[in-house]
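# What would the 3D arrangement of this be:
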Amino acid sequence: MIATCPVCASPDAMDVARLEAIPVLCNSLWPDRQSALKADRAGMRLVMCANCSHLFNADFDPGILAYDGRYDTTLTHSAIFSSYVEETAMRLVRSYDLVNCHVLEMGCGQGYFLERLINHGAATGTGFDPSYRADTSVADNPSLKIHSRYFSAGQSSPTADLACSRHVLEHLESPLDGLELLRASLSPSGRGLVYAEVPNGLWTLEMGGVWDLIYEHVSYFTPTSLQYLAQRAGLDVIKLEPVFGSQFLGMDARIAEDARSETPSIDELLNKASDLGETITDLRRGWAERIVKWRSVGRDIALWGAGSKGVTFLNIVDGADIIEHVVDISPTKFGRYVPGTGQEIIPPSRLVGSVTGPLEVICMNPNYQKEIAAELADLGVDATLHLV
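Prediction:
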């Protein structure tokens, strides 16, 4: 239970939405259907802080989470996402003259972003992530040192000219502690940069992005709440903008010379948040009705995207557990099973021969629509693509 806002510590919050019995770790996949069906679940109560507009799960319990080698959020098998990561790394190195510098990443996954930074000119990199697997391709890169553990105060690591976290702060009970750790790791030269990337809570509110609501995310930052957090952490924001089709927020920041704290105006955001519960109800009902209709006329159904969006969809839409085909392009997911509903995750090629007629494909992320459509066409699968 979280009694005060993780960003500003205010006790005043407005209830926004509830989800019952969702998997506590939707990005941990299972080796068989039986264990997937028994995956731990918990309820989620999303609220918005009335002071800084931060969205968070007030019922979050960190004691039921355990990140390990089963946890996999790799998205770089997609050319679209890989291109986005490449462009982000190149922008940071070129915009802030990080050539021949040391970079550090908290929650680095399998080290892909660190390697991109080095490829664009950074000299060395240090990463921390408890889910890191030493058998990955970056393990032999002499310019990288990755630790299979959490990043914490007092870690023996070179000071960094760039300290970054991508999709980490939203997992932390205290994102302020996380951002302060990044700030403290910067080189005393004064030119050090913090880069933080998080899911965009404003996109969730405005676009009905309810499939992004997962238990392991304590927080959903709005631009206002991320700016507020940076100020509390002693950072000056250089740039804060929506990225990756506005689904994420990217923030460049430097150590602030003067302590500042501004109370934002958030009335418009509170109004947007008040409608989210009704939006969730309407979306769940609408997709349940579609699934029933498709099944009634003998259609095969596939869900494309076994990441957080797909797992949430399968677990909260009535009848979605009967969807026959759950597809992903990440080889690390093939032959694994969806927590909560138990479908096997298959590569696109498995659709060939297993689909007897026109296929209804639910695309879990509009950013990948063209990529998925091209893959289906290459396979010769007769399919209609539906965007969530």
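
# shaky segments in the stretch 201-350 of the chain?
259-264 (pLDDT under 70).

# how about the helices of it, start to end?
With helices called from DSSP state H, counting those that start in this stretch, the stretch 201-350 of the chain shows them at 201-207, 223-232, 267-273, 276-296, 308-316.

# and of those, who's closest to Ile322?
Among the helices of the stretch 201-350 of the chain, helix 276-296 comes nearest to Ile322, with 7.2 Å by C-beta to C-beta. Quick note: C-beta positions are derived from backbone N, CA and C, even for glycine.

# neighbouring contacts of the closest one?
15-19, 46, 204-205, 208, 210, 301, 313, 316-320, 322-323, 360, 362, 386, 388 (C-beta atoms under 8 Å, 6 or more residues apart in numbering).

# cool, stretch 378-388 as well?
Against stretch 378-388 from outside (C-beta under 8 Å, 6+ apart): 211, 283, 287, 290, 302, 309, 313, 348-349, 351-352, 355, 357-366, 369, 372-373, 376.

# now stretch 11-19
With C-beta under 8 Å, 6+ apart as the criterion, stretch 11-19 contacts 3-5, 43-51, 55-56, 58, 210, 213, 270, 273-274, 276-277, 280, 312, 316.

# Please apply the same query to stretch 173-187.
By C-beta under 8 Å, 6+ apart, stretch 173-187 touches 2, 6-7, 60, 62, 102, 104, 106, 151-153, 157, 159-161, 163-165, 168-169, 172, 192-194, 196, 218-219, 229-230, 232-235, 255.

# out of the residues you listed, which are buried?
By neighbour count, with 16 or more other C-beta atoms under 10 Å, those hold 2, 6-7, 60, 102, 104, 106, 151, 157, 160-161, 163-165, 168-169, 172, 192-194, 196, 218-219, 229-230, 232-235, 255 as buried.

# domains for the protein, by residue range?
13-61, 79-270, 292-387 (automatic domain parsing).

# Start and end of the first one, how far apart?
Between the start and the finish of domain 13-61 there is a gap of 18 Å, counting by C-alpha to C-alpha, to the nearest Å.

# Give me the mean pLDDT for it.
Domain 13-61 shows an average pLDDT of 93 in the prediction.

# Where does pLDDT dip in the stretch 51-200 of the chain?
67-74, 76, 136-137, 139, 154-157, 190.

# Break down it into its strands, ranges please.
55-57, 102-106, 124-128, 144-147, 162-166, 193-199 (DSSP state E, counting those that start in this stretch).

# any chance of the helices of the stretch 201-350 of the chain in TSV, plus distance to Ser187?
Listed next are these as TSV, based on distance: least, C-beta to C-beta, whole Å:
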stretch	distance to Ser187
helix 201-207	31
helix 223-232	19
helix 267-273	36
helix 276-296	41
helix 308-316	34
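
# Which one of the ones you listed lies nearest to Pro188?
Taking the helices of the stretch 201-350 of the chain one by one with C-beta to C-beta, helix 223-232 is closest: 19.7 Å.

# Which strands and helices lie in contact with that closest one?
helix 175-184, strand 193-199, strand 235-243, strand 248-255 (3 or more C-beta pairs under 8 Å, 6 or more residues apart in numbering; DSSP states H and E).

# nearest to Ser265, of these?
Closest among the helices and strands packed on helix 223-232, using C-beta to C-beta: strand 235-243, at 16.3 Å.

# Report the angle between that closest one and strand 193-199.
40 degrees (axes from the mean of the first three to the mean of the last three C-alpha atoms, to 10 degrees).

# residues in contact with the residue nearest the centre of the chain?
The centroid of the chain falls nearest to His167 when counting by C-alpha atoms, centre = their mean (5.3 Å). Residues in contact with His167 (C-beta under 8 Å, 6+ apart) are 73, 107, 197-199, 248.

# Equivalent analysis for Arg33, please.
Taking C-beta under 8 Å, 6+ apart as the test, what Arg33 contacts is 337, 342-344.

# ok, Leu359 touching Ala302?
Yes. In terms of C-beta atoms under 8 Å, Leu359 counts as a neighbour of Ala302; the distance is 5.8 Å.
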